[in-house]
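> Mind folding the following:
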Amino acid sequence: METRKIAMPLGIVIRRQPGSTRWAKWVWRVVAVLPGAGAADWTELRREGEIVEYHAATVPLELHRADAEAYMVSLSMEPPTVFVILRRDDDAQSPHEYVVHTATVSAYEAQDYQDSGEEIIEPVPMPAGLVAWVRSFTDAHFAQEEFKKRKRKRHFEDLKEDGIGDPRIRQAADIYRTPSQTKPSQTKPSQTKPAQTKPAQTKPAQTKPAQSGNARPDKPKETLH
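As a prediction, this is how the structure comes out:
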């Protein structure tokens, strides 16, 4: 039977160090994860001056078949990343400002927490053993969909509107017709008698007698006194 869900206990290591401003006394950061770790509640692991590292908690890291694509995104990061979600501790008497809410290797789930703005998301490099565990599950369930070109259905290709482009059918307008298919409309001659028109009355043109080019006007004769 195919496994749809698996889980592993994951220890969360948090480092506390002095803050760089007077408004933040301490800075808390997730620095490592411990695959297969036992239960813990802020167990001190090492101390160097004021810098202290704690095994703060152990939470179940769950993998679900439906989220295989999101795990592939986390595995493709440089380096492969697990995300630890922290929330502020509501206990005013607690010596620690944060509590571990959960851990995930889903990049999409981590983004959802980031968008809410109520939690702190700490990305942590996956140890080699955790990478192998997550990759084995992801490879078994992730199948990248192959792009397939959609084909036009045949009954749409063969569909033709009746009468479109048929020169035998008289139509007011047909954009499917070619110019060679169009014929001038044949109309019967009108049976009405032609209108009787009177001949136009034109006036004779008034023309001047032409003068030949060689003719010169006669000079008046000189008279002797």
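> For the closest residue to residue 71 other than its chain neighbours, pull up the helix or strand it's in.
Taking Cβ to Cβ, 6 or more residues apart in numbering, and ignoring the residues beside it in sequence, residue 71 has residue 138 as its nearest neighbour in space, at 4.5 Å. C-betas here are computed from N, CA, C, even on glycine. Element membership for residue 138 (DSSP states H and E) is helix 128-141.
> what's in contact with that helix?
By Cβ atoms under 8 Å, 6 or more residues apart in numbering, the residues outside helix 128-141 that reach it are 3, 6, 8, 10, 33, 35, 63, 65, 68, 71-72, 74-75, 80, 82, 105, 126.
> follow-up on the earlier one: since we're on the residue nearest to residue 71, how many residues are nearby?
21 (other Cβ atoms under 10 Å).
> Check what pLDDT it gets.
Per-residue pLDDT puts residue 138 at 95.
> sorry, back to before: which among the contacts of helix 128-141 count as buried?
Neighbour counting over these (16 or more other Cβ atoms under 10 Å) leaves 8, 10, 33, 35, 63, 68, 71-72, 74-75, 80, 82, 105, 126 as the buried ones.
> Pick the one among these closest to residue 142.
residue 68 (3.9 Å; Cβ to Cβ).
> The host helix or strand of the closest one: what's the following helix or strand?
In this assignment (DSSP H and E), residue 68 forms part of helix 68-75. Using DSSP H and E, the helix or strand that directly follows helix 68-75 along the chain is strand 81-88.
> Can you point out the buried residues in the helix or strand following that next one?
Note on strand 81-88: by DSSP H and E, the next helix or strand toward the C-terminus is strand 98-104. Of all the residues in strand 98-104, those buried under the rule 16+ other Cβ under 10 Å are 98, 100, 102, 103, 104.
> Return the residues in contact with the residue lying closest to the first one once chain neighbours are set aside.
Taking Cβ to Cβ, 6+ apart as the measure, residue 98 lies nearest to residue 86, with 4.4 Å between them; neighbours along the chain are not counted. The neighbours of residue 86, taking Cβ under 8 Å, 6+ apart as the test, are 28, 30, 98, 99, 100, 101, 119, 120, 121, 122.
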